[in-house]
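1. With the input below, show me the fold.
(chains A and B)
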Amino acid sequence: MKKSSISRRKFLGKAATVGAVGFVGPAIITGCSSDKTKAFKPVAEGTWLDQAPDGPVLKAGLIGCGGRGSGAAINFLNAGPNLQITALGDTFRDRLESCRAGILKQKGQEVPEENCFVGFDAYQKVIDSGVDIILTATPPSFRPEILAAAVAARKHVFAEKPVCVDPTGARSVMATALKAKELGLTIVTGTQRRHQRNYVANYNQVKAGAIGDIVGGNVWWNGGKLWHRDNNPAWTEMEWMIRDWVNWCWLSGDHIVEQHVHNLDVLNWFTGGHPVKAVGMGSRQRRVTGDQFDNFSVDFVFEDGRHFHSMCRQINGCAQNVSERLQGATGSTNCIDMIHDLAGNEIWKYAYPLDSEGKEDKGAMKPAMDQEHVDLVNSIRTNQGFNELENTAISTMVAIMGRISAYTGKETTWEEMMNSDMKLGPKVFAFGPVDIPKAVPIPGEAYDPVEEQKRAEERAAARAKQQAAQKPTN
Amino acid sequence: MKRFLLWFAPGLIVGILLMAGGGRVLNRTSTNDYCMSCHIHPAADNSWKRSVHYETQSGYRVACVECHLPPKGDAYLWAKGTTGLRDLWSYWTKDSASFNWEDRSRLEVARGHVYESSCIKCHENLFPAKLTKEGEDAHLYYKQTKKTPDLHCINCHLNAGHYMEGYTHGSNATFGSVSSAPKEIFREPTRVTGFNSFTEQVPNSSVSFRMLAIQGGRFKMGSPADEPFRRSDEGPVKEVEISPFFMAEVEVTWDEYLAFYTQTSAEGRSTDTEGLRTEQASETDAISGATPPYGQPDQGWGMGRRPAISFSYHAAETYCRWLSQVTGKTYRLPTEAEWEYACRAGTETPYFFPGDPKKFEKSGLRAKLSKNDTTIINSFIVYKTNSQAKTQPPDRVKPNPFGLKNMLGNVAEFCSDWYRPDAYSLYEEQLLKDPRGPESGEEHVVRGGSFMDMAGALRSAARDYTRTEAWLKTDPQIPKSIWWYSDCFNVGFRVVCEFDEKTGNL
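-> A predicted model of the protein is given here:
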């Protein structure tokens, strides 16, 4: 381990010297020591709770009983003592029943029949069933309405990311977040990196100046195909879309929103701000169903002019990379567990738990999906009012801004997002045909010789008219 | 002796303040009774008693000083001192009966004596649980644009402290739906077969209006360099020839505008930021008109024959398209040249009636001392001095030599030209025939001045322009309306109709 790090330093030696001249030089001249950056002292890691503290029974209702919802229910029940799931809601009976059976099998808790609600209005019935906490993991398009209803009923919330699919939804969630803050409610969202111990430790080092000011970076979610459901003659179009939801923009927000929001949220978190402009591109190459793209590449720009690049893909058989990398004035970080100085020397590394043989055991670190529920219950039981919903709404809006730029081929701005009345999806939710445009977006204009000719003639005519208007008639 | 006491009372009060150590006197002089003991505006007292602040939901009564002074610790004493001295000065030197109290409760004036920090002191929570959808959008907007100092709480909540008749805060969905007694409904538009003035009838409505035949001719556009109050954008003077056209006798009235509004108004709003995601707006024959306004577009002054106001340039253009469609003629906004030609009506003086603009200005000490005779301008123009701070029905004034009313004053009028300060100098050095202004631009020309203006801005040659961003500043909707200006209520328009094959020019 030591050896390899030395040899790498040797290997980088020359390049590092060249690179450092411009940087160290002025510091010497002004007499200002660069020791500060060299001798960065890592900050101590905070303490983590493995379990939430005990307290009176907290009852939770789950809205959205699919895979992630069922998982979140178990994560919640594992977070500490005296926790119960007492109500379930979903659009489909079969999803609800499998979730209910899973909770019974794994945790021995039976959700009573009278607290199982099916249909588009199930969410309100779950909220009204006498629970303290709402867990929700429906497709994100339904999230703004559910969040608003939950906060209006004074419920604490765990909500999966993303929290909306369009600007109207994002603004609604921002307002809901501020209302919840005023009411002192706890809201944890599924942007789990903020509850992942290595990420948080890394963030604390960066915040303490480990890489200096952040000047640029990249965020990636280049992964494989997710999943799809083929249409089934027994289903209405609505049922098919919801069962196939990660492939439909009005339900998922497209994968830049649905999945890549994780990485964009890290960007916002570490920089303490958010982009205000985006120019993106993307296309659809391999997706099977739905109306979404399967690749995006977006240049995000901050108010102060800093550029960050974002890339995401859901195609099998391509280079894969799900991570972030931020460049600072004095170093760089992968945001998760490592920090290097400009010369490439490792200046900080996350101390993972060790196994019996003294080797790093990354798996022994408490998973973020469990940790976020420990943090949720802890905040409720110790009355902290921890609330990360506004941050997540902003991160989701950033992802939406990137998507719209790629769909339209135009530059999009934060101001446009804050003013857009775009609301995706049908006006009413009912089983049957879904009345929305389903074409895959095509940015830009195609070359059309006939149109081109017409435009040239129009321009010429306009010029002639303008000239004639300014000439005297006599 | 009485006089002596009056003049020395301020000193006396200051002395007492110092002697009594401040506290008690400060409190005593901040009670509602104390305020009302001097403030001779019973209307303001009464409207306060009818407002939501007099009896809040929690039973609290908000005192005068809680809005009209900053919170304690926030330059409170300074504000109290200066306000107090100003009030004393006014009390002894001015006649409160001469004040136009209605005018003083306008937003621009009210901003000067309501402290935003005081609003926020009580209303700390801008996102209460009960906040409506509209409130959420408006307060998010406020939170994000707080840095603009001109966005004040009372931009939207002007009636919080003093009740205002007809003040609407919220989407005004029923606007324009009030119908008066049944009248004759026109089935057909007026047929025009020659170049004569006519009365247009709007089909499927009871609305009609006069259109005057304006003979073509030549005139000098712009003002000579020595004209009082002249600004550089009014020159150089251009020789212009105008073809015959028809022009409305009066500015488009609320009756006329509401016929358009009710026949075309649309529920939905669309700003298509995702291009292909939503359906392409097709160029169909159906004109989709204005959406419901936010607030009270007529400012509560009444509608009927008063000129329509608060709508956008886009709405005015759409109105013309709609009017052309339902009447089978070619209606449009006048060009700036047509407008000035019609306004001057053959005159080359600052106004279409005799008089020196300087002598009509009533502001300034000198003007007051000189006791200018404003009889003539009074009979032709609704302007700051005689308007009582609102628009007036057209019957209030005499017409110009072409028979047109309110060309100057009442409301300013949109023209079809793009505005450029140097527009005239860009024209060629020769007689211009029906010029249409610059090819492109940001804002449009506005002409004629309004009920808020003084004599200088009311000259035939005076030019002004739209200020789209400023006029939408406090629109709390997201996105902002393309149909209504939230912050402009002194601009309207007047239609012209082309003399073409549809109006008998065969």
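
2. can you give me the strands for the stretch 251-400 of chain A?
-> With strands called from DSSP state E, counting those that start in this stretch, the stretch 251-400 of chain A shows them at A:277-283, A:295-301, A:307-314, A:321-328, A:331-333, A:338-341, A:346-349.

3. can you tell which of the ones you listed is closest to chain B?
-> strand A:277-283 (12.4 Å; Cβ to the nearest Cβ). The way it works is simple: take the backbone N, C-alpha and C, and place the C-beta from them, glycine included.

4. Can you tell me how far the spatially most central residue of chain A is from A:Trp221?
-> Residue closest to the mean C-alpha point of chain A, counted by Cα atoms, centre = their mean, is A:Val261 at 2.2 Å. From A:Val261 across to A:Trp221, the span is 9 Å (Cβ to Cβ, to the nearest Å).

5. Could you do B:Ala461 as well?
-> As judged by Cβ to Cβ, B:Ala461 and A:Trp221 stand 63 Å apart.

6. wait, what's in contact with the closest residue to A:Asp54 other than its chain neighbours?
-> Among residues not flanking A:Asp54 along the chain, A:Pro81 sits closest, at 4.8 Å (Cβ to Cβ, 6 or more residues apart in numbering or on different chains). By Cβ atoms under 8 Å, 6 or more residues apart in numbering or on different chains, the contact list for A:Pro81 reads A:51-52, A:54.

7. Wait, a strand at B:Ala315?
-> No - counting by DSSP: H, G, I helix; E, B strand; the rest coil, one finds B:Ala315 to be helix, located in no strand.

8. pretty sure it is touching B:Cys488, no?
-> No - applying Cβ atoms under 8 Å as the test, B:Ala315 and B:Cys488 come out as separate, 11.8 Å apart.

9. So for those two, which sits in the more crowded spot?
-> B:Ala315 (24 against 21; other Cβ atoms under 10 Å in any protein chain shown).

10. So that one versus chain A, what's the distance?
-> Look at B:Ala315 and chain A: by Cβ to the nearest Cβ, to the nearest Å, they are 18 Å apart.

11. Okay, that residue and B:His444: tell me how far apart.
-> Counting by Cβ to Cβ, the separation of B:Ala315 from B:His444 is 13 Å.

12. Next: A:Leu183.
-> A:Leu183 is 47 Å from B:His444, by Cβ to Cβ.

13. Between these two, which is the more surrounded one?
-> Per other Cβ under 10 Å, whichever of A:Leu183 and B:His444 has more neighbours is B:His444, with 20 against 17.

14. Report the beta-bridge partners for that one.
-> Applying DSSP bridges to B:His444 gives these bridge partners: B:Trp418.

15. I'd say it and B:Glu413 touch.
-> No - using Cβ under 8 Å, B:His444 makes no contact with B:Glu413, being 10.7 Å away.

16. Please give the element, helix or strand, for the nearest residue to A:Ser70 once chain neighbours are set aside.
-> Of all residues not flanking A:Ser70 in the chain, A:Cys99 sits nearest, at 4.2 Å (Cβ to Cβ, 6+ apart). For A:Cys99, the enclosing helix or strand under DSSP states H and E is helix A:93-107.

17. how about that helix as PDB, C-alpha atoms only?
-> What follows is helix A:93-107, C-alpha atoms only, in PDB (Å, rounded to 0.1, in the frame of the first residue of the first chain):
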ATOM      1  CA  ARG A  93     -54.000  -4.300  -5.100                       C
ATOM      2  CA  ASP A  94     -51.300  -6.800  -6.100                       C
ATOM      3  CA  ARG A  95     -48.400  -4.400  -5.300                       C
ATOM      4  CA  LEU A  96     -50.000  -3.600  -1.900                       C
ATOM      5  CA  GLU A  97     -50.500  -7.200  -1.000                       C
ATOM      6  CA  SER A  98     -46.900  -8.200  -1.800                       C
ATOM      7  CA  CYS A  99     -45.600  -5.400   0.300                       C
ATOM      8  CA  ARG A 100     -48.000  -6.300   3.100                       C
ATOM      9  CA  ALA A 101     -46.800  -9.900   3.000                       C
ATOM     10  CA  GLY A 102     -43.200  -8.800   3.000                       C
ATOM     11  CA  ILE A 103     -43.600  -6.700   6.100                       C
ATOM     12  CA  LEU A 104     -45.400  -9.600   7.800                       C
ATOM     13  CA  LYS A 105     -42.800 -12.100   6.800                       C
ATOM     14  CA  GLN A 106     -39.700 -10.000   7.600                       C
ATOM     15  CA  LYS A 107     -40.900  -8.000  10.600                       C
END
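
18. For it, the averaged confidence score.
-> Helix A:93-107 shows a mean pLDDT of 96.

19. need the helix or strand of the chain with the lowest average pLDDT.
-> Let's take chain A. Among the helical and strand segments of chain A, the one scoring lowest on mean pLDDT, DSSP states H and E is helix A:2-29, with a mean of 35.

20. let's do chain B instead
-> helix B:365-370 (a mean of 59).

21. Can you name the next helix or strand after it?
-> Immediately after helix B:365-370, counting by DSSP H and E, sits helix B:375-380.

22. which of the contacts of A:Pro81 tops the neighbour count?
-> A:Ala52 (24 neighbours).

23. element containing it?
-> Counting by DSSP H and E, A:Ala52 is part of no helix or strand.

24. That one and B:Val237, how far apart?
-> Distance from A:Ala52 to B:Val237, by Cβ to Cβ: 83 Å.

25. hang on, the earlier thing: from the contacts of A:Pro81, pick the one nearest chain B.
-> Among the contacts of A:Pro81, and counting by Cβ to the nearest Cβ, the member closest to chain B is A:Ala52, at 26.2 Å.

26. and that closest one, what does it touch?
-> A:79-81, A:83, A:373-374, A:376-378, A:381.

27. and with 7 Å instead?
-> A:Ala52 sits next to A:79-80, A:374, A:377-378, A:381 when contact means Cβ atoms under 7 Å, 6 or more residues apart in numbering or on different chains.

28. One more: B:His162?
-> B:44, B:47-48, B:51, B:105 are the contacts of B:His162 under Cβ under 7 Å, 6+ apart.

29. which one in the residues you listed is the model shakiest on?
-> The lowest pLDDT within these belongs to B:Ser105, with 79.

30. Can I take it that B:Cys343 is in a helix?
-> Yes - the assignment for B:Cys343 is a helix, going by three-state DSSP.

31. what residues does chain A put near chain B?
-> Contact residues, chain A versus chain B (Cβ under 7 Å from any Cβ of the partner chain): A:152, A:171-172, A:174-175, A:178-179, A:182-183, A:404, A:407-408, A:416, A:418-422, A:437, A:439, A:441-442, A:466, A:469-470, A:472-473.

32. Count the neighbours of the residue in the stretch 301-450 of chain B positioned nearest to chain A for me.
-> Nearest residue of the stretch 301-450 of chain B to chain A (Cβ to the nearest Cβ) works out as B:Leu431 at 4.3 Å. Close neighbours of B:Leu431, defined as other Cβ under 10 Å, add up to 14.
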